Each structure stands twice: as structure tokens, then as C-alpha cells.
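>>> give me a model of this one.
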Amino acid sequence: MATLQRNAQKLIYYARNAMRDIAPPVLFRRRLGRLLDQARLSDASVRQRLNYYNTLREPFTPSPEAVPVNRLPSDRSMYYYDLKEFTRYFDPGLRVDLEFGDVIEVPKMPSIVKDRPIIGDNGNGVLFKLNKFRHFHMPADDVAFADKHPLVVWRGELNNPIRTLLLEAVRDLPFCDVGTPRATAPAEYRKPYLTIDQQRRYRYIISLEGNDVATNLKWIMSSNSLCLMPPPTYETWFAEGQLEPDVHYVPLAPDFSDLAERVHHLEKHPAEAQRIVAAANAYCRKFADERAEQAICLLVLYKYFVLSGQIEPDPEVWRFIAG
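Down below sits the predicted model:
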């Protein structure tokens, strides 16, 4: 049932975006001024978020490889649609540098990206809400923390050494149900596939980065289960760099040597565990405000185009961005 529902959601996603592509672009561009006026009336949290995603301050010139927004690469269709949803409000000749896919290094030029490293000077990575169908899937969870299995679960691909390290570190811990469903993995690492709903029946779910960010982090933090993970090193529109250990998630040592101690403590102090779950849920709720999400997406692009010298800023809108 969950798979059928998810497939239906994907069909709706593509149908909606295909209809947008058919509509005359001028209809969207006519609305930009009104939408920006609405955006500048937003509260301070919108300003804080847009300037977190787009930290650029100084003027710059797009690279020779920058593409006009009416000719975005469409080979990664979800990336294309997620960016085109908002670039269509701007002049089609405006140019943008971008890197679709998993970005593990900061671009040399200011570029639109899905993710960037958290540590260091990451300003050239301008975060945008890309591949959101996959990464912002946060279904409702109707099972209370206390009613879940008092066990730890993890499933995933072995595409990062830290994941194999986890399987080795907890192999003899009876309260851990961790493994990969990949048939080509060593036998001692293999476990049956579990759906999101099946994993959320456990009190504790481990989140681990793979090629870049951990895809499961959003649906874990929006559930009534508790997220356990080493501090993240990459971030997306979810702003993983703003997550606080022992506030939004339970931090684990890089070698997972403290996992047993952490779980034992939380089982003895369920109120502490549920406080972290509540804070994680609250963190996730802001991404459900579609009006704020639209305002931030438009403002992130607007700031990019202004600083790249491609449009003259509206004084009121720019005053809001600058604070």
C-alpha cells in the first residue's frame, strides 16, 4: 500500500510539473513582483533561512559555463523540475551556475546545489530545495514512542565506510537490528528489507551519511522515533548544520563505541528521549509551511541574480534580505 501511494504521489509530481512546463512562461513572470512583495512581509525566520542557504555577500560574475534559466539541464528530471518551478518566475535569459547531484566539495563559482559540506568556507554552495520528492518525504507517524519496540534499527546501502563500521561495531549487540538488504553484501551484513513504516516501529533509528547527506534523516526526525547519529558533515535545504546534538538528535561517537551506553541511558530516562523527539518534530514542521518555502526559494534566487549583477534590486525587497 505504501509503495502504491508513493508511486501515485510521484505520478502527481510529474504531472503537475509537466503542466507548468506547458503554461506560457509570461504568466509566471507577471507574478514575480507580487510574490516578492509578499515575501518581504515575511517574518525574520524567512530572512534567516534564505541567508543561511545563500550566504553570498559580494558581487560576482557567473562563469562561462553558466546556463540560461530557460535551458536548464533536464537529464536529472527531479532536479530540473524543482529548480525550474522557481526560475520560471525570472527572465529566461538570466544565467546560473549549478551542480546537480551529490556535491561533496564546495564549487569554485557560486552555484546552485542540493548539498554542501558543513565545515569550512562553503558560501559558493548556494543551497536549493532540489530532489525534494525523495529527500522531503516525511509521512505521519501514529505510533507513540512508548509503544515502539525498544530496539535500534538501521537499513541502507554500504556506500560509505562508516556504514560498514556500524555493522562491525554492533554485531554482538542483541538490541540492534542493523544491516543491508543488498544481496551482494557479505552474508554477515545482510538483513531483510524494511519499509519506512516497519523501521518506525522501533524506538531508535540510526541515520548515517552515504554519498553525501543521510536520506532517512528527515523522515526519522519527523517521526515519533528517536534519531541517533554521528554529527553530520554535509547539509541540504534541511540545514543539517543547524541541528543540535542532544536537542534534535542523540549524537554517537564516530566508532559507535557509545551506542550501548546511549540506549541504556535513554531507556532509563524516557522523558529525555521524548523531549528530543518533540524538538525534532518541531524542527521538521517549518518545512511544511508552503508559503514560507515558496518565499525562501524565490528570495534565494533573487539574491543570487542581484549579486551576480543580472538584475537591479528592488529597494524594499533588498532591504528585507539585508535585514
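>>> which secondary structure element of the chain has the lowest mean pLDDT?
Between all helices and strands in the chain, the lowest mean by mean pLDDT, DSSP states H and E belongs to helix 2-22, at a mean of 87.
>>> what mean pLDDT does the helix or strand that that one is followed by get?
Note on helix 2-22: by DSSP states H and E, the next helix or strand toward the C-terminus is helix 25-29. Mean per-residue pLDDT for helix 25-29: 92.
>>> mind listing what's buried in helix 25-29?
By 16 or more other CB atoms under 10 Å, the buried positions in helix 25-29 come out as Pro25, Phe28. C-beta here means a position set from N, CA and C on the backbone, and glycine is covered the same way.
>>> following that helix in sequence, what is the next regular element?
Downstream of helix 25-29, the first helix or strand assigned by DSSP H and E is helix 32-39.
>>> tell me what that next one is packed against?
helix 290-307, helix 315-322 (3 or more CB pairs under 8 Å, 6 or more residues apart in numbering; DSSP states H and E).
>>> please identify the deepest-packed of these.
Scoring the helices and strands packed on helix 32-39 by mean neighbour count under mean count of other CB atoms under 10 Å gives helix 290-307 as the most buried, with a mean of 20.
>>> run through who's touching that one.
By CB atoms under 8 Å, 6 or more residues apart in numbering, the surrounding residues in contact with helix 290-307 are 32, 35-36, 38-39, 42, 45-46, 49-51, 53-54, 56-60, 85-87, 89-90, 94, 96, 110, 112, 126-129, 286-287, 311-313, 317-318, 321.
>>> give the rounded mean pLDDT of it.
97.
>>> can you offset everything so residue one is 588?
Got it, the first residue is 588 from now on, which makes the last one we talked about helix 877-894.
>>> centre of the chain versus it, how much separation?
Centre-to-centre, helix 877-894 and its host chain are 17 Å apart (CA atoms, centre = their mean, to the nearest Å).
>>> can you check stretch 782-792 too?
20 Å.
>>> do stretch 634-643 as well
Using CA atoms, centre = their mean, the offset of stretch 634-643 from its chain centre is 15 Å.
>>> average pLDDT for it?
98.
>>> buried sites along that stretch?
Result for stretch 634-643 [16+ other CB under 10 Å]: buried residues Arg634, Arg636, Leu637, Asn638, Tyr639, Tyr640, Asn641, Thr642, Leu643.
>>> cool, and stretch 859-876?
Residues of stretch 859-876 classed as buried by neighbour count (16+ other CB under 10 Å): Ala860, Gln861, Ile863, Val864, Ala866, Ala867, Asn868, Tyr870, Cys871, Phe874.
>>> also stretch 612-630?
Buried-residue list, stretch 612-630, by 16+ other CB under 10 Å: Pro612, Phe615, Leu619, Leu622, Leu623, Ala626, Arg627, Ser629.
>>> can you pull the contacts of the fifth one?
In other words, Leu623. Going by CB under 8 Å, 6+ apart, the list of residues near Leu623 reads Leu885, Leu886, Tyr889, Asp901, Val904.
>>> what is the nearest of those residues to His851?
Leu886 (45.7 Å; CB to CB).
>>> mind checking pLDDT for the residue lying closest to Pro649 once chain neighbours are set aside?
The spatially closest residue to Pro649, leaving aside those adjacent along the chain, is Arg682, at 4.8 Å (CB to CB, 6 or more residues apart in numbering). Arg682 is assigned 98 on the pLDDT scale.
>>> check contacts around Arg682.
Arg682 touches Pro649, Ala653, Val654, Pro655, Val656, Ser895, Gln897, counting by CB under 8 Å, 6+ apart.
>>> now restrict those to buried residues only.
By neighbour count, with 16+ other CB under 10 Å, the contacts of Arg682 hold Pro649, Ala653, Val656, Ser895, Gln897 as buried.
>>> just those now: which is nearest Ser810?
Val656 (36.4 Å).
>>> how many other residues sit next to the residue lying closest to the closest one once chain neighbours are set aside?
Among residues not flanking Val656 along the chain, Thr674 sits closest, at 3.9 Å (CB to CB, 6+ apart). Look at Thr674: counted by other CB atoms under 10 Å, it has 24 neighbours.
>>> phi, psi for Lys695 please.
Main-chain dihedrals, Lys695, degrees, to the nearest 10: phi -70, psi -30.
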